[in-house]
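Participant: Next comes the sequence, and after it the predicted model I'd like to discuss.
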Protein chains: 2
Amino acid sequence: MSELYAVRRARLRDRCAAVGSAAALVSRPANIRYLTGCAPAGAALLVHEGDDTLLCPSPPTGEPSEGRPAEDLRVSVLPSAPGGDPVVAAAEYAARAGADSVAVEEHHLTVARHRTISLVVPRLRLDDLGCAVETQRLVKDEDEIACLRIAAEIADQALGELLESILVGRTERHLALELERRLVDHGADGPAFPTSVGTGPHSGRPGHVPTDRRVEEGDFLSVNVGANYRGYRCEIGRTFVIGSTPADWQIELYDVVFAAQRAGRQALVPGVECREVDHAARTVLEGAGYGAGLGPRTGHGVGLEIDEDPQLSPAAMGKLDACVPVTVAPGVHLPGRGGVRIDDTLVVRPETDGGPELLTITTKELLAL
Amino acid sequence: MSELYAVRRARLRDRCAAVGSAAALVSRPANIRYLTGCAPAGAALLVHEGDDTLLCPSPPTGEPSEGRPAEDLRVSVLPSAPGGDPVVAAAEYAARAGADSVAVEEHHLTVARHRTISLVVPRLRLDDLGCAVETQRLVKDEDEIACLRIAAEIADQALGELLESILVGRTERHLALELERRLVDHGADGPAFPTSVGTGPHSGRPGHVPTDRRVEEGDFLSVNVGANYRGYRCEIGRTFVIGSTPADWQIELYDVVFAAQRAGRQALVPGVECREVDHAARTVLEGAGYGAGLGPRTGHGVGLEIDEDPQLSPAAMGKLDACVPVTVAPGVHLPGRGGVRIDDTLVVRPETDGGPELLTITTKELLAL
């Protein structure tokens, strides 16, 4: 595994050299984990001519939730002096090691820290690394996909068990907490994101924060949950009906969202424009008269972060390559009534490999619970 | 309540005027919540001459966990266009409203966003607001302290219930999850921070991420937990012994940490230097020969964030005022063996009001469970 991280850092070094920066100073935690195998809180990574150094405020613990540092990596634990900022220390280190310039993540670094570096190491030129590491992270290798696959299995299991329990009368918050406990029971390092459970009028609302509302007969119940397994995060969303018979409007709305989600999934072929995938799903919802309240996108990439590039939205640039995992997650929320959201994590695969690989396999039938 | 937020924003406006900025652009979520009563994800707040506007990517939900916007506040939900950044939109809004300058939170704003504002609104001068809002947040009013008091009660209840259950054989992760479930049971909006449970060699380690290690007879068990109630976050840490009789080294270590924590608590009087409080606790640990592995600080402020100013550390500047809530949390971790951490949340109060108010009242006796 260590070799893998060395290869990733070598690619980043090449990229820096190509744009004239002597070193890269990485501060975004997911990027640090991608390049080193671990991400202790507050760490900074300097990638510089075979002298890659991870600067940490405290020693890496080596726990799975945090990851283990690659063996060939130099790990430097800063003395616990107040004001000792690993990012600034990394810049000082680069200057001492002879670098005349360092590329920083301007989309992550604050103005204040950037200024502090300029003051502390004035002769070091600060370039912009941009999203170089995020771009490297787009296409996943099979080890990364294996982690996502396990994360998805865990989420499927947790959701499946919840559905076998009695739901009526329980609050959104308790259902969310129980799901998170089950994720950990099944081996997750934790939830991939705050679990969302919405009932009745809250159902189908993206990012709904669970409340004390209790599940009632006749409700839509929508669940969005995901597991974090060795840093890799997946997402599954399903909507159910509580009671024996769904109402006509519920069946109709469900069918429309299901059709939209299927259209999005089917559009996932290597080389497709991101916006075409969004368009495939969105058109179905718009055609059924639900165009007004739609969100800005119908899916996004997943990996070391639950919400990473690519974005599946009308104005998204770029194409989907093979081995890029994305969510396809269209939904409709009718204010005051509720709604439906169906969300899968899939990996883009060529037709010859069987087409898109569905990681979250819980049924998408409309279950009446 | 709305009036309260208006008063806070008026103070900020005065502060901006005093340093020559026409408006303040606040991006840090806890600062936005302090000034408006709510903090929808990704929002930005413009405070400008009675024209205070909260710019949000989606409508505030009004749920307790997110807070309700003050009634006198203008709330502007941005069209869900890709690339629509509320911070940039707030700067554009300020310029349209006639401001020639705006003070931004350089310690929170990224270099990339700062640059985008300069490009989109070139004639707007960008000043540094610094930690003006954080400074306002230091001294709490009685409504804020009431929220912290409830948060502490909830954490005490959750911890108390856990202690009544059987612990041997259960994993750190499951104990942490159960504590978090109990917090919500008792009315918390959620945990104040990721609950830390450490057993045996993991005990006493600050910020320990729970693992699959199971509680064993003879272990130290250290727990760090806190509740979030209406945005306000408290912290309690206790260390227990598993089994009927603690070992001599455990009793000795516990007594030293307890004495250090008591010394820290007793130092909490209005007007004391922050570093004196740290010194009071630290000296006891150093005197007992545990100086080597001590962390950089022995406590910190709490409020809308679990870790805010003031810092209780050897080099901390400034004094503690009355009505400032802080943690006093010294600890010792002996690598390979474990350790002890005792952590309370208290409010600094003058002697005439009975001295420091202890919010977390769970016993600090060494319990053998």
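Facilitator: Arrived safely.

Participant: you'd agree A:Leu367 is up against A:Thr239?
Facilitator: No: if you go by CB atoms under 8 Å, A:Leu367 and A:Thr239 don't touch, sitting 9.2 Å apart. C-beta here means a position set from N, CA and C on the backbone, and glycine is covered the same way.

Participant: Looking at the two, which one has more neighbours?
Facilitator: A:Thr239 (28 against 15; other CB atoms under 10 Å in any protein chain shown).

Participant: got the residues of the stretch 151-300 of chain A near chain B?
Facilitator: Residues of the stretch 151-300 of chain A lying near chain B by CB under 8 Å from any CB of the partner chain: A:173-174, A:177, A:180-181, A:184, A:207-209, A:211, A:295-297.

Participant: just those now: which is nearest chain B?
Facilitator: A:Pro296 (3.9 Å; CB to the nearest CB).

Participant: Compute the number of surrounding residues for that closest one.
Facilitator: By the measure other CB under 10 Å, the count of residues near A:Pro296 is 18.

Participant: That one belongs to a helix?
Facilitator: No: A:Pro296 is assigned coil when assessed by DSSP: H, G, I helix; E, B strand; the rest coil, not a helix.

Participant: so how far is chain B from A:Ser196?
Facilitator: Going from A:Ser196 to chain B by CB to the nearest CB, to the nearest Å gives 12 Å.

Participant: quick one: secondary structure of A:Arg265?
Facilitator: Classified using three-state DSSP, A:Arg265 is helix.

Participant: what bridges to the closest residue in space to it that isn't next to it in sequence?
Facilitator: Nearest residue to A:Arg265 in three dimensions, chain neighbours excluded: A:Val328, at 5.1 Å (CB to CB, 6 or more residues apart in numbering or on different chains). Beta-bridge partners for A:Val328, by DSSP bridges, are A:Asp344.

Participant: So A:Val328 sits against A:Gly301, correct?
Facilitator: No: with contacts defined as CB under 8 Å, A:Val328 does not count as touching A:Gly301, sitting 11.5 Å away.

Participant: ok, these two, which is more surrounded?
Facilitator: A:Val328 (29 against 23).

Participant: per-residue confidence at that one?
Facilitator: What the model reports for A:Val328 is a pLDDT of 98.

Participant: list the buried ones in stretch A:201-211?
Facilitator: Across stretch A:201-211, burial judged by 16 or more other CB atoms under 10 Å in any protein chain shown covers A:201-206, A:208-211.

Participant: From the contact counts, what lies against the longest helix along chain A?
Facilitator: In chain A, taking DSSP state H as the definition, the longest helix is helix A:142-163. For helix A:142-163, the helices and strands in contact under the criterion 3 or more CB pairs under 8 Å, 6 or more residues apart in numbering or on different chains; DSSP states H and E are helix A:172-185, strand A:220-225, strand A:227-229, strand A:232-233, strand A:236-241, strand A:344-347.

Participant: Need those in a markdown table (columns: mean pLDDT).
Facilitator: Listed next are the helices and strands packed on helix A:142-163 as a markdown table, based on pLDDT from 0 to 100:
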| stretch | mean pLDDT |
| --- | --- |
| helix A:172-185 | 92 |
| strand A:220-225 | 98 |
| strand A:227-229 | 97 |
| strand A:232-233 | 98 |
| strand A:236-241 | 98 |
| strand A:344-347 | 98 |
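
Participant: With respect to B:Ala247, which of the ones you listed lies nearest?
Facilitator: Of all these, helix A:172-185 sits nearest to B:Ala247, with 31.1 Å by CB to CB.

Participant: Run through chain A and note the low-pLDDT ranges.
Facilitator: A:1, A:50, A:79-83 (pLDDT under 70).

Participant: Specify the residue positioned farthest from the middle of it.
Facilitator: Distance from the C-alpha centroid of chain A peaks at A:Arg123, with 37.3 Å (CA atoms, centre = their mean).

Participant: Please identify the helix or strand for that residue.
Facilitator: Using DSSP states H and E, A:Arg123 maps to neither a helix nor a strand.

Participant: Nearest spatial neighbour of it, chain-adjacent residues omitted?
Facilitator: Nearest non-adjacent residue to A:Arg123, counting by CB to CB, 6+ apart: A:Ala95, 6.9 Å away.

Participant: again, but for A:Gly237
Facilitator: If the residues on either side of it in the chain are set aside, A:Gly237 comes closest to A:Asp343, at 2.8 Å by CB to CB, 6+ apart.

Participant: The one you found reaches A:Val328, doesn't it?
Facilitator: Yes: contact status for A:Asp343 versus A:Val328: in contact at 7.2 Å, counting by CB under 8 Å.

Participant: Give the burial count for A:Ala18, as a bare number.
Facilitator: Neighbours around A:Ala18, by other CB under 10 Å: 9.

Participant: Oops, could you answer that again for A:Leu253 instead?
Facilitator: Residues lying near A:Leu253 (other CB under 10 Å) number 26.

Participant: now the helix or strand containing it against strand A:236-241, angle please.
Facilitator: Element membership for A:Leu253, per DSSP H and E: helix A:248-266. On the basis of axes from the mean of the first three to the mean of the last three CA atoms, to 10 degrees, helix A:248-266 is oriented at 160 degrees to strand A:236-241.

Participant: Helix or strand for the most centrally placed residue in chain A, just tell me which one.
Facilitator: Geometric centre of chain A, nearest residue: A:Ile306, 1.4 Å, by CA atoms, centre = their mean. Using DSSP H and E, A:Ile306 maps to neither a helix nor a strand.

Participant: Could you measure from it over to A:Thr239?
Facilitator: According to CB to CB, to the nearest Å, A:Ile306 and A:Thr239 sit 20 Å apart.

Participant: ok, back up a step: who's in contact with the helix or strand hosting the residue nearest to A:Arg123?
Facilitator: A:Ala95 is part of helix A:86-96 when elements are defined by DSSP H and E. Residues outside helix A:86-96 that contact it (CB atoms under 8 Å, 6 or more residues apart in numbering or on different chains): A:22-23, A:25, A:27, A:42-46, A:48, A:53, A:55-57, A:76, A:78, A:102, A:109, A:113, A:116-117, A:120-121, A:123-124.

Participant: related to what we said a few turns ago, can you give me how far the longest helix of chain A is from the chain middle?
Facilitator: 14 Å (CA atoms, centre = their mean, to the nearest Å).
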